[in-house]
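Chemist: My questions are about this predicted structure, shown below with the sequence.
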Amino acid sequence: MKFHNTLEEMFASKVKIAVMKLMCLNPERKYSGREMARILNISASRVLEVLELFRKNAVVNRETVGRSSQWGLNQESIVVEEVSSLINVERKIYMALKSRIYETLIREKSIQKVVLYGSVARKKEKPESDIDVFILVTTKKDKELAAALVGKLNKYLLPRYGNVISETIYSEREWKDMEKTKIFKKIESEGEIILIREKIRDEMRDLDK
């Protein structure tokens, strides 16, 4: 492996980072170049180029199986050890965001459901993207309470993350009337549930029957 300019050599492109993250998050798994290309939506030739670079730097191992090659993470690599720690930090940052949203909004009993959606939920956000959050409350009068809690959340989030929550708040009755709208379908299809009360969970089970 190279002992100098290691970061520039192995992590100077989005493709290299994507390959490394996939393998570090699935350390026991082996991939063919084509399989990895399909998962990452990157050309097979580019993926193989990166894997070969990683092999030369003792980051991955290559095993020949029949006429194809299988690539696995070299878990003894010092580079893998350090990079895995960084990837875990990235995951912890996102988990901390969701935890803060949950812990703040769970206090208000009229809040029935909280869903993270939009670019952050799709993992397509930009540095300045708002954090789109849907909040379902019991009645219309509860909307102000939810909005006030979001205001407190934003005072915490902005200096730490550089982003704020853009909230969408509906009462239960209002949300039922929205079933055929694009926003309803978007939130229900791509959203990541942060909080859901048992009553709403039971209603969802009944709809699935």
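Modeler: Here it is on my side, so go on. Worth saying up front: this structure is predicted, and the values here are computed from it rather than measured.

Chemist: And the helices in the chain?
Modeler: 6-11, 14-25, 33-40, 44-56, 78-105, 143-161, 172-176, 182-190, 198-208 (DSSP state H).

Chemist: Could you point out which of those sits nearest residue 67?
Modeler: In terms of Cβ to Cβ, the element of these nearest to residue 67 is helix 33-40, at 12.3 Å. Using the backbone N, CA and C atoms, a C-beta is placed for each residue, glycine as well.

Chemist: between the closest one and helix 14-25, how big is the angle?
Modeler: Interaxial angle of helix 33-40 relative to helix 14-25 (axes from the mean of the first three to the mean of the last three Cα atoms, to 10 degrees): 100 degrees.

Chemist: tell me what helix 33-40 is packed against?
Modeler: helix 14-25, helix 44-56, strand 68-73 (3 or more Cβ pairs under 8 Å, 6 or more residues apart in numbering; DSSP states H and E).

Chemist: Make a markdown table from these and add distance to residue 34 to it.
Modeler: Below are the helices and strands packed on helix 33-40 laid out as a markdown table (distance: least, Cβ to Cβ, whole Å):
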| stretch | distance to residue 34 |
| --- | --- |
| helix 14-25 | 13 |
| helix 44-56 | 5 |
| strand 68-73 | 8 |
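
Chemist: Just put those in JSON lines and tack on mean neighbour count and mean pLDDT.
Modeler: Below are these laid out as JSON lines (neighbours: other Cβ atoms under 10 Å; pLDDT from 0 to 100):
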{"stretch": "helix 14-25", "mean neighbour count": "18", "mean pLDDT": "93"}
{"stretch": "helix 44-56", "mean neighbour count": "17", "mean pLDDT": "95"}
{"stretch": "strand 68-73", "mean neighbour count": "18", "mean pLDDT": "93"}
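
Chemist: Out of these, flag the one nearest residue 140.
Modeler: Per Cβ to Cβ, nearest to residue 140 of the helices and strands packed on helix 33-40: helix 14-25, 42.9 Å.
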